[in-house]
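Engineer: Need the 3D shape of this:
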Amino acid sequence: MFEMMDRDGLARICKLEVHGKKVETPLLLPVVNPNVGPIQPRRLQEEFGFHGIITNSFIISRDEQLREKALSDGVHRLLDFDGLIMTDSGTFQEHQYGSMDVDPLEIVVFQRDIGSDIGTILDRFSEPDFSRDKASEAVEKTIERARAAAEIRDEMWLAGPVQGSLFEDLRMSCAQDLSSIDLQLHPIGGVVPLMEDYRFPELVDVIAASKKGLIPSRPVHLFGAGHPMLFPLAVLLGCDLFDSASYAKFARDGRMMFPDGSASIRDMSDLSCQCRVCSKHSPEELKAMESEERESMLAEHNLHVCNAQIRRIKMAIREETLWELVEQTCRCHPKLLDGLRGLSKHNEFLERYEPLSRRGALLFTGSESYHRPAIWRYQHRLFERYSHPRTEIMIALPESEKPYGRTHAALTAKIDERTNAHFIVLSSIGPVPIELDEIYPVGQFFAPESDREHIQPETRRLMERFSHEQQYALAVVWESDETLELLESLTSGGGERFDLDRARVIAVLSIQFGSRAAIAIEGKKLSFIKSRRTGRIRNVFVNDVHAFSIRAHDGYISLTNEGARLLHSALTWPAYRVQITSEAVPFIEKESNVFAKFVVDCDPAIRPGDGVLIVNSDDKLIAHGRSIMNREEMLAFKRGIAVRTRSSITAGKNCEEPERGAIDS
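Structural biologist: Take a look at the predicted model:
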């Protein structure tokens, strides 16, 4: 069982249950050597809180004593560990030391027979420097072995690693083929050399290509990723599990791990860490220990640091601040920062999993912040979905405090008295029509003022494109009152007068639900209830019926039943629809949530957090709600909530009670 409980983009917190053993991802599986190790498996569980480990079935199978005990008593009793045990097959050893006469099916049978919770196929390792032909051969052999192994796995979960060297199309096609096989988990293989050589930009491309091809309802394991400074970036890319013996290897070499790197105990004069080891011992005391005791102490420290980093990542996912954590962590090493900056080439993929908005502000930590998927989406939707009000003039205003409309209110009112104009703010993230100044991320980002000069060329390029595509009669940059005098002399004053409230509803509908959504209110009377404190629109009435509310935290629209009906009439299938099975309809009519297993189909444009229309097989509107998953996830997962139902249409009630005192527009 694998069920998503919380998320922030591709990153997710999931329940994973295998053979009654329950864990929560993101999860680190410490590597346990069945022969020797600084910390016994039972201690890993009882003292450190690790409820899953990984060990090597090949090593067990080649040691006669271990083999007999594992077959007779099972791997859990062999290791004295009653939590989740995953076993590797010896692929890396075979690759490192050459052919070791390992039969691909025999090693799977052995893992099954010793009671592994998750076994691994004997895939074909692909080095980063492999030629395309050699990498293709490794992929073909891996898929062939995965198909054969799936036939004999019985109740054991089976992991099929994604191979393909650095060839992104091979990685993606390998992932797609593996997704069609009866496997339960997908490690990303062949990446240890990339991590050892700090080739993080290539690692990012490999993970992204693998995720693009993998079915999203299966956990993804990043083989050999054991350093805490890499965890946040890997989780951001959708990795659920990690394993590594680094905690022990580093300790053996006298090295201590930290969230931002590692250091040798020989070079340390103080310890800032507050783990149990560091809080009780000074560097001098650790240096004075016998090597075996010191190794054990440093291994404990390394595990505490890794565990704390995983907990920190989970907190960031729940608080929707993982991007900030990743950007801060990646500054610990230039190569890691290069990897982070390489994410922008995958924005089209990342955006599909990006939430409509986040609860908090989007805090810029550096130049790479300007390339986040949320900003890429805003720019993309602005050019694809937005149409300006039918005014003659576009006036570009300088960036100011947010919200722009309130800051520039006196200026826009003065201009509006004398000429017919529409206002665009020259924002750091691109052109912002004044009526879109409250939506996420426009109204919620905070960037250093010192960055504005650095990004001016891109801002100028976007503004030139916007003014060209929107085709105003005249476009000018506001400089002073002389600009207004010039406009009066050059324009006729014709065209529609700019109505900010109506324009806001039309623009937000278009950006949120697509350019056709504005048809829902075309030719209809609008009236509003506004906040007495801020003047912002709270509720929107269409022909005197409460249809929409504009959320204060992200500026987007929440639907009432009337709003859902209007949108359903304006948009054609499959726009923002989630189609459910007939058996689910009675439950949704009672306002139960929509579970993924009951979704038949849905709009590919749906993103997590979107308002959606819940319909039956005849496109009859049943209810509306907020999506938790995108299309790929809804159709892949068999457990978990796909849509949180907001209100049932057939229940005959509106989901919000409007305030009194509507303002006509």
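Engineer: tell me which residues of the helix ranked longest in the chain are tucked away?
Structural biologist: For the chain, the longest helix by residue count, based on DSSP state H, is helix 291-319. If you call a residue buried by 16 or more other Cβ atoms under 10 Å, then helix 291-319 has these buried ones: 294-307, 309-310, 312-314, 316-317. C-beta coordinates here come from the backbone N, C-alpha and C atoms, glycine included.
Engineer: Please identify the helix or strand for residue 115.
Structural biologist: Here residue 115 is covered by no helix or strand, with elements defined by DSSP states H and E.
Engineer: now swap in residue 643 and tell me
Structural biologist: Going by DSSP H and E, residue 643 is in strand 641-648.
Engineer: For that strand, name the packing helices and strands.
Structural biologist: helix 585-589, strand 594-595, strand 611-615, strand 621-627 (3 or more Cβ pairs under 8 Å, 6 or more residues apart in numbering; DSSP states H and E).
Engineer: and that strand, which residues are buried?
Structural biologist: Residues 641, 642, 643, 645, 646, 647, 648 are the ones in strand 641-648 that count as buried (16+ other Cβ under 10 Å).
Engineer: How about stretch 369-382?
Structural biologist: Residues of stretch 369-382 classed as buried: 369, 370, 372, 373, 374, 375, 376, 377, 378, 379, 381, 382 (neighbour count, 16+ other Cβ under 10 Å).
Engineer: what's near enough to touch the fifth one?
Structural biologist: In this case it means residue 374. 354, 358, 362, 440, 441 (Cβ atoms under 8 Å, 6 or more residues apart in numbering).
Engineer: What does the residue sitting furthest away from the middle of the chain show for phi and psi?
Structural biologist: The C-alpha centroid of the chain is most remote from residue 489, which lies 51.5 Å away (Cα atoms, centre = their mean). Main-chain torsions, residue 489, degrees, to the nearest 10: phi -80, psi -20.
Engineer: Let me know the pLDDT of it.
Structural biologist: Predicted confidence (pLDDT) for residue 489: 74.
Engineer: before we move on, what about the one 3 residues further on?
Structural biologist: Note for residue 492: predicted pLDDT of 60.
Engineer: Same check on residue 305?
Structural biologist: In this model, residue 305 is scored at 95, pLDDT.
Engineer: buried ones in stretch 418-426?
Structural biologist: Per 16+ other Cβ under 10 Å, stretch 418-426 contains these buried residues: 419, 420, 421, 422, 423, 424, 425, 426.
Engineer: State the distance from the third one to residue 409.
Structural biologist: The span separating residue 421 from residue 409 equals 14 Å under the rule Cβ to Cβ, to the nearest Å.
Engineer: Likewise for the last one?
Structural biologist: In this structure, residue 426 lies at 17 Å from residue 409, with Cβ to Cβ as the measure.
Engineer: Three-state assignment for residue 55, please.
Structural biologist: Under DSSP: H, G, I helix; E, B strand; the rest coil, residue 55 falls in the strand class.
Engineer: ok, and the closest non-adjacent residue to it?
Structural biologist: residue 32 (4.7 Å; Cβ to Cβ, 6 or more residues apart in numbering).
Engineer: my read: that neighbour touches residue 45, true?
Structural biologist: No: between residue 32 and residue 45 there is no contact under Cβ atoms under 8 Å: 10.9 Å.
Engineer: The two - which one has more neighbours?
Structural biologist: Per other Cβ atoms under 10 Å, whichever of residue 32 and residue 45 has more neighbours is residue 32, with 23 against 18.
Engineer: if I look at that one, how far off is residue 435?
Structural biologist: 59 Å.
Engineer: now do residue 262
Structural biologist: Distance of residue 262 to residue 435, given as Cβ to Cβ: 51 Å.
Engineer: From the neighbour counts alone, determine which of the two ranks first.
Structural biologist: Set residue 262 next to residue 435 and count neighbours by other Cβ under 10 Å: residue 435 wins out with 26 against 16.
Engineer: show me what contacts the more buried one?
Structural biologist: Contacts here follow Cβ under 8 Å, 6+ apart; on that basis residue 435 touches 405, 500, 503, 504, 506, 507, 508.
Engineer: right, and the pair among those with maximum separation?
Structural biologist: For those, with distances taken as Cβ to Cβ, the pair at the greatest spread is 405 and 506 (15.0 Å).
Engineer: that older thread, out of the helices and strands packed on strand 641-648, which one sits most buried?
Structural biologist: Among the helices and strands packed on strand 641-648, ranked by average contacts under mean count of other Cβ atoms under 10 Å, first place goes to strand 611-615 (a mean of 27).
Engineer: strand partners of that one, parallel vs antiparallel please.
Structural biologist: Strand pairing for strand 611-615, determined by DSSP bridges: strand 577-580 (parallel), strand 621-627 (antiparallel).
Engineer: For those strands, give me CSV that also has distance to residue 564 and mean pLDDT.
Structural biologist: Formatted as CSV, the strands paired with strand 611-615 follow (distance: least, Cβ to Cβ, whole Å; pLDDT from 0 to 100):
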stretch, distance to residue 564, mean pLDDT
strand 577-580, 11, 98
strand 621-627, 4, 97
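Engineer: Export the ones you listed to TSV and append columns for distance to residue 199.
Structural biologist: Shown next, in TSV, are the strands paired with strand 611-615 (distance: least, Cβ to Cβ, whole Å):
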stretch	distance to residue 199
strand 577-580	41
strand 621-627	36
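Engineer: wait, which of those is closest to residue 254?
Structural biologist: With Cβ to Cβ as the criterion, residue 254 lies closest to strand 621-627 of the strands paired with strand 611-615, at 50.4 Å.
Engineer: Run through the residues that contact the closest residue to residue 26 other than its chain neighbours.
Structural biologist: Leaving aside its sequence neighbours, residue 26 sits nearest to residue 235 (Cβ to Cβ, 6+ apart; 5.1 Å). Neighbouring residues of residue 235 by Cβ under 8 Å, 6+ apart: 11, 26, 313, 317, 322.
Engineer: Could you pull up the residues touching the last one?
Structural biologist: Put plainly, it is residue 322. 8, 9, 11, 232, 235, 236, 313, 316.
Engineer: Tell me how far it lies from residue 14.
Structural biologist: For residue 322, the distance to residue 14 - Cβ to Cβ - is 15 Å.
Engineer: tell me which of the buried residues of stretch 418-426 is nearest to residue 401?
Structural biologist: Among the buried residues of stretch 418-426, and counting by Cβ to Cβ, the member closest to residue 401 is residue 425, at 11.0 Å.
Engineer: for that closest one, phi and psi?
Structural biologist: When read as degrees, to the nearest 10, the backbone of residue 425 gives phi -100, psi 130.
Engineer: Send over stretch 565-579 as PDB, restricted to the C-alpha atoms.
Structural biologist: Output of stretch 565-579 as PDB, limited to C-alpha atoms (Å, rounded to 0.1, in the frame of the first residue of the first chain):
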ATOM      1  CA  ARG A 565     -23.000  25.800 -12.800                       C
ATOM      2  CA  LEU A 566     -21.900  28.900 -14.700                       C
ATOM      3  CA  LEU A 567     -18.500  27.500 -15.300                       C
ATOM      4  CA  HIS A 568     -19.800  24.100 -16.300                       C
ATOM      5  CA  SER A 569     -22.000  25.800 -18.900                       C
ATOM      6  CA  ALA A 570     -19.200  28.000 -20.200                       C
ATOM      7  CA  LEU A 571     -16.500  25.300 -20.500                       C
ATOM      8  CA  THR A 572     -16.700  22.200 -22.700                       C
ATOM      9  CA  TRP A 573     -15.500  18.700 -21.800                       C
ATOM     10  CA  PRO A 574     -12.900  18.000 -20.400                       C
ATOM     11  CA  ALA A 575     -12.100  21.500 -19.100                       C
ATOM     12  CA  TYR A 576     -11.600  21.400 -15.300                       C
ATOM     13  CA  ARG A 577     -13.800  18.300 -14.900                       C
ATOM     14  CA  VAL A 578     -13.200  15.200 -12.900                       C
ATOM     15  CA  GLN A 579     -15.400  12.400 -14.100                       C
END
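Engineer: Please tell me how far residue 123 sits from residue 411.
Structural biologist: 64 Å.
Engineer: got it, and residue 171?
Structural biologist: On the measure of Cβ to Cβ, residue 171 and residue 411 end up 53 Å apart.
Engineer: Also residue 55?
Structural biologist: For residue 55, the distance to residue 411 - Cβ to Cβ - is 68 Å.
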